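*Asks:* Sequence first, predicted coordinates after that:
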Amino acid sequence: MFGKDALSGTRRSTTIDTGLPPGVASEPPHQLSHRIIAIVFCLVMTWAHAGSGEDLKGGQWFTRVGLTPAFVLPKNPFVTGGTAADAHTRWLSNMTFEVGRQTDGSRDWHHLYGLPTYGFGFAVASFGDGDETGRPLDAYTFFSWPFARLSKRVQLTTDFGMGVSWNWKEFSEESEDYRTVLGSNVNARIDWGFYLRHLTTRKMSVYAGIDFTHRSNGGMRQPNSGINVIGPSVALRYDFVPERTAPVRNVPPFQPAWEFVMGSAIGGKNVIEHTNPVVRRDYGALEFTTGLQRHFYRYGKVAAGTDLTYDGAAGARVDVIEGNAVQWRPGAGQRLAIGLYGGYEHVIERFGALVQAGYDVARGFDDPTRPRFYMRYGWRYYVNDRFWGLFAIRSIEGRRADFLEVGAGYRIIKRPRTP
């Protein structure tokens, strides 16, 4: 591989151990990624064409290909100097390949969401100067809701997506090797977009809009340099059978309700030694939450509540003394914090996509460099009217995940009495 001389701007040869026998050349990262994309695309198209001839029982299968030239928001993980102005990467192009299914109107919630679609997808991103960067890859699921129909051929839609992302690497001139840009090679991916969809033909439609994507490792490994990108997005969708509209079904009237929720979640964090990133320690995190929610309209809830958090990494420090890794951290009581939060949850049948903002009003160990403001975003699944499960990311400074949350809880619903 090749690197750039920081002073002269000339390229110098750098030997990297590929693990291959002598005389066997390894493929450049971009060529290997292109082959992976081609193979995935061929498999998707072959599978979808085969499925289009089967009895779909009213279902509507499709493929969708999209492109997003996205702007990397501050703070930028590609900073090479002291400020974001020193970052050599400010734009990130992203190409997606998706397979999905449109609902057929057989259930009430299909009609509530205007016959939404759902499916899975793969994406490949490109950043930096090509040969000296990796090709980040994503695998995710998505839910697309056509929330407004402007005409017979034009719709407004919003997409929610969640999955994993990996291979975020770039060449480091200091170590003369590749480094992981986001701290970990495997990261969580959360996506949200708004689009204008135009039904061009009976089988073809075009999407144009704006897309926001967050990627980070959830604090599982430090440094946790997450990345947020936003930019225009265009996509082309092909349906394997002409799109059909189901007869409109009358659904039960909506009744607002109050909900009291309580639950807990666990997570993990990683702390590194200040001068030697090889030395690191893992710590646990535990959170208890209570809140009051108002299901004020059919698609959404607002919430306010309090969080009691035990952060095992609060005030933790790992130092190397005489060749031994020594950890320093405050007592168990000082690892507690109390926060107040408010937020919104978008309801999708048994699922809820939630976004919450909170503030630590009290902390046992008050680190002045650690922000008190935090956010939580993720998915909640309601097993029934009482029990729910949660998968979310708690973040600080917007882009930087504090830790992943996996939890469960209980709710009490207070509905108005029917006459």
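*Replies:* Everything's here; your move.

*Asks:* for residue 384, phi and psi?
*Replies:* For residue 384, the backbone dihedrals (degrees, to the nearest 10) come out as phi -160, psi -160.

*Asks:* How much space separates it from residue 305?
*Replies:* Remark: distance between residue 384 and residue 305 (C-beta to C-beta, to the nearest Å) = 21 Å. Backbone N, C-alpha and C define where each C-beta goes, glycine included.

*Asks:* For those two, indicate the residue with more neighbours.
*Replies:* Between residue 384 and residue 305, counted using other C-beta atoms under 10 Å, the more crowded position is residue 305 (19 against 8).

*Asks:* Apart from its neighbours in sequence, what residue is nearest the more buried one?
*Replies:* Leaving out its chain neighbours, the residue that sits closest to residue 305 by C-beta to C-beta, 6 or more residues apart in numbering is residue 291, at 2.4 Å.

*Asks:* So which elements touch the helix or strand where residue 260 lies?
*Replies:* Using DSSP states H and E, residue 260 maps to strand 257-272. Helices and strands touching strand 257-272, by 3 or more C-beta pairs under 8 Å, 6 or more residues apart in numbering; DSSP states H and E, are strand 280-297, strand 300-311, strand 317-321, strand 387-396, strand 400-414.

*Asks:* wouldn't residue 153 be in contact with residue 201 here?
*Replies:* No: using C-beta atoms under 8 Å, residue 153 makes no contact with residue 201, being 9.9 Å away.

*Asks:* shared neighbours, these two?
*Replies:* Shared contacts of residue 153 and residue 201, defined by C-beta atoms under 8 Å, 6 or more residues apart in numbering, are absent.

*Asks:* quick one, helices of the protein?
*Replies:* According to DSSP state H, the chain carries its helices in the segments 29-52, 108-112.

*Asks:* Out of those, name the one with the poorest average pLDDT.
*Replies:* Among the helices of the chain, helix 29-52 carries the lowest mean pLDDT, a mean of 46.

*Asks:* circling back: who are the contact partners of the residue nearest to residue 305?
*Replies:* 260-262, 303-306, 341.

*Asks:* What subset of those residues is buried?
*Replies:* 261, 303, 305, 341 (16 or more other C-beta atoms under 10 Å).

*Asks:* so where is the stretch 51-200 of the chain shaky, pLDDT-wise?
*Replies:* For the stretch 51-200 of the chain, residues meeting the criterion pLDDT under 70 lie at 51-59, 75-89, 127-134, 170-186.

*Asks:* Could you chop this protein up by domain?
*Replies:* 2-14+28-239, 257-414 (automatic domain parsing).

*Asks:* burial measure for residue 233, as a count.
*Replies:* Number of residues near residue 233 (other C-beta under 10 Å) recorded here: 24.

*Asks:* right, so of the helices and strands packed on strand 257-272, which gets closest to residue 158?
*Replies:* Nearest to residue 158, of all the helices and strands packed on strand 257-272, is strand 300-311, at 12.5 Å by C-beta to C-beta.

*Asks:* Show the average pLDDT along the closest one.
*Replies:* Here the average pLDDT along strand 300-311 is 95.

*Asks:* in its sheet, what does that strand sit against?
*Replies:* With DSSP bridges as the test, strand 300-311 is paired with strand 280-297 (antiparallel), strand 336-348 (antiparallel).

*Asks:* between it and strand 387-396, how big is the angle?
*Replies:* Here the directions of strand 300-311 and strand 387-396 differ by 70 degrees (axes from the mean of the first three to the mean of the last three C-alpha atoms, to 10 degrees).

*Asks:* Now do strand 300-311: everything it contacts.
*Replies:* Where contact means C-beta under 8 Å, 6+ apart, the residues beyond strand 300-311 that reach it are 259, 261, 269, 283-296, 332, 335-347, 352, 354, 356, 358.
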